[in-house]
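Asker: Next comes the sequence, and after it the predicted model I'd like to discuss.
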Amino acid sequence: MSTEGNGVSTAPASGTLQSGQDHFDDPGRTGNVRADLKTVGCGFLMGAADIVPGVSGGTVALILGIYPRLVGAISRVDSRLLLAVTKRRWSEAATHLDLRFLAALGFGILAGIGSLASLMKHLLVHHRSLTYACFAGLIFASTLLVARHIHRWSMQTLGAALLGTIVALRLVTLDAMHSPPDTSWYLFLCGMIGITAMILPGISGAFILVLLQRYFYIVETLKELLHGNISAQTLIPVIVFSFGCLTGLLLFSRVLRWLLTHHEQLTMAILCGFMLGAMYCLWPFQKDTTPDETDTKRKVFVHVAPSESGSSSGLAGLLFVGSAGLVLGLDRIGTNMRKKH
């Protein structure tokens with residue numbers, strides 16, 4: 001894979017980005033119900049992935065072949081769109097934004113998130129070690145998929161990967177990460193950072209929220225809303241977090257598009273390193289140092305040897321391998337589907 005001029009070229013392995021700038025600008029829009037249902041299905045898989053701290057929605061989009069169209073559509077929130085909206089040229093604005101695609105994808109993403117929020121909380125509270133083993137397997141396999149987009153490793157890409165690893169390890173071991181501020185601005189910031197991971201191939205938005213110590217809080221709040229517990233205590237955090245997501249999405253999509261167009265090799269290498277380094281926080285064998293604390297958000301866990309955790313290391317290993325195999329298998333299916341078309 002190499003980058004020349006404004007083009008993006010990748011190895012024809014899995015979910016390639018292919019034709020660079022033109023591929024972002026020409027999403028190949030279709031306007032039929034069958035295509036919309038397919039997009040909703042893609043969105044559901046992305047949403048399901050993003051609620052799980054493992055595979056990112058961006059990775060799923062990459063596997064399913066809609067990644068360039070997604071990044072291109074989001075990055076077209078620009079002056080041309082604003083001009084069309086201010087002059088009430090709604091049809092032009094919708095076409096420029098690829099609104100039909102984004103609406104169908106967004107509906108699917110919300111459905112995927114909503115369907116798994118309660119399940120994720122249950123698994124993390126009652127089966128933490130085994131669930132973390134699954135997450136670690138998902139991220140490890142996702143790292144391999146991202147690494148396959150680096151056609152030729154060099155000192156530059158290896159250095160970028162090492163930098164990503166060091167930065168991630170430093171972030172997940174900071175004391176501040178264990179006791180973050182309980183404020184709206186921090187929740188807004190979490191939304192901004194977390195949503196960027198959704199459109200990055202490799203890093204899960206839910207995984208970022210785990211690092212920022214806000215995953216349990218968001219999942220618990222969403223669960224309350226889905227169960228009909230609508231109040232200021234549940235609505236305000238979701239609104240603040242959503243505005244953070246929207247801000248991050250609009251700002252980062254342009255940066256990401258530029259990076260993938262001009263520096264794809266280094267971008268993918270940094271992602272690989274970041275994912276490997278951040279896996280530290282998903283070590284399956286952890287001990288609860290606050291057993292009397294009933295609030296999940298306030299519990300503190302420390303890494304221990306498998307023999308001290310009380311969990312089955314053999315089962316954890318099987319789940320790690322199985323989860324990694326699932327991601328690689330889905331990638332193979334996606335590759336075969338694209339070849340047929």
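Answerer: Noted; the coordinates are in hand. Residues are numbered from 1 along each chain as shown.
Asker: Could you list the low-pLDDT ranges of the stretch 151-300 of the chain?
Answerer: 171-172, 174-179, 197-204, 293-299 (pLDDT under 70).
Asker: Let's see the pLDDT reported for the residue located most distally from the centre of the chain.
Answerer: Distance to the chain centre peaks in the chain at K87, reaching 35.4 Å (criterion: C-alpha atoms, centre = their mean). Confidence at K87, expressed as pLDDT, is 88.
Asker: What segments of the stretch 151-300 of the chain are strands?
Answerer: 286-288 (DSSP state E, counting those that start in this stretch).
Asker: which residue ranges form the helices in it?
Answerer: Ranges of helices in the stretch 151-300 of the chain, per DSSP state H, counting those that start in this stretch, are 155-172, 184-198, 205-211, 215-226, 232-262, 264-278.
Asker: for those, which one sits closest to L102?
Answerer: Within those, the stretch nearest L102 is helix 232-262; the backing value is 10.7 Å (C-beta to C-beta). To be clear about C-beta, it is placed using only N, CA and C from the backbone, and glycine gets the same treatment.
Asker: Apart from its neighbours in sequence, what residue is nearest K121?
Answerer: Spatially, and ignoring its direct neighbours in sequence, K121 is nearest to V219 (5.0 Å; C-beta to C-beta, 6 or more residues apart in numbering).
Asker: I meant A94, not that one.
Answerer: Per C-beta to C-beta, 6+ apart, closest to A94 is R100, 7.1 Å.
Asker: Figure out the helix or strand that that neighbour lives in.
Answerer: Applying DSSP states H and E as the criterion places R100 in helix 99-126.
Asker: tell me which residues of that helix are tucked away?
Answerer: Buried residues in helix 99-126, defined by neighbour count with 16 or more other C-beta atoms under 10 Å: 100-105, 107-109, 111-114, 116-117, 120-121, 123-124.
Asker: What helices and strands are in contact with it?
Answerer: Contacts defined by 3 or more C-beta pairs under 8 Å, 6 or more residues apart in numbering; DSSP states H and E place helix 99-126 against helix 33-51, helix 67-75, helix 215-226.
Asker: Let's have those helices in TSV, adding mean neighbour count.
Answerer: Formatted as TSV, these follow (neighbours: other C-beta atoms under 10 Å):
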stretch	mean neighbour count
helix 33-51	20
helix 67-75	23
helix 215-226	19
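Asker: Nearest to L189, out of the ones you listed?
Answerer: Ranking the helices and strands packed on helix 99-126 by proximity to L189 (C-beta to C-beta) places helix 215-226 first, at 13.0 Å.
Asker: ok, S231 - contacts?
Answerer: Shown in contact with S231 (C-beta atoms under 8 Å, 6 or more residues apart in numbering): no residues.
Asker: Please report the distance of I208 from A61.
Answerer: Between I208 and A61 the computed distance is 17 Å (C-beta to C-beta, to the nearest Å).
Asker: How about residues contacting stretch 98-115?
Answerer: Residues contacting stretch 98-115 (C-beta under 8 Å, 6+ apart): 27, 29, 31, 36-37, 39-51, 57, 66, 69-70, 72-74, 76, 93-94, 222, 226.
Asker: nope, stretch 313-329 is what I was after
Answerer: Counting by C-beta under 8 Å, 6+ apart, 54-55, 59, 129-130, 133-138, 140-142, 144-145, 284-285, 306-307 sit against stretch 313-329.
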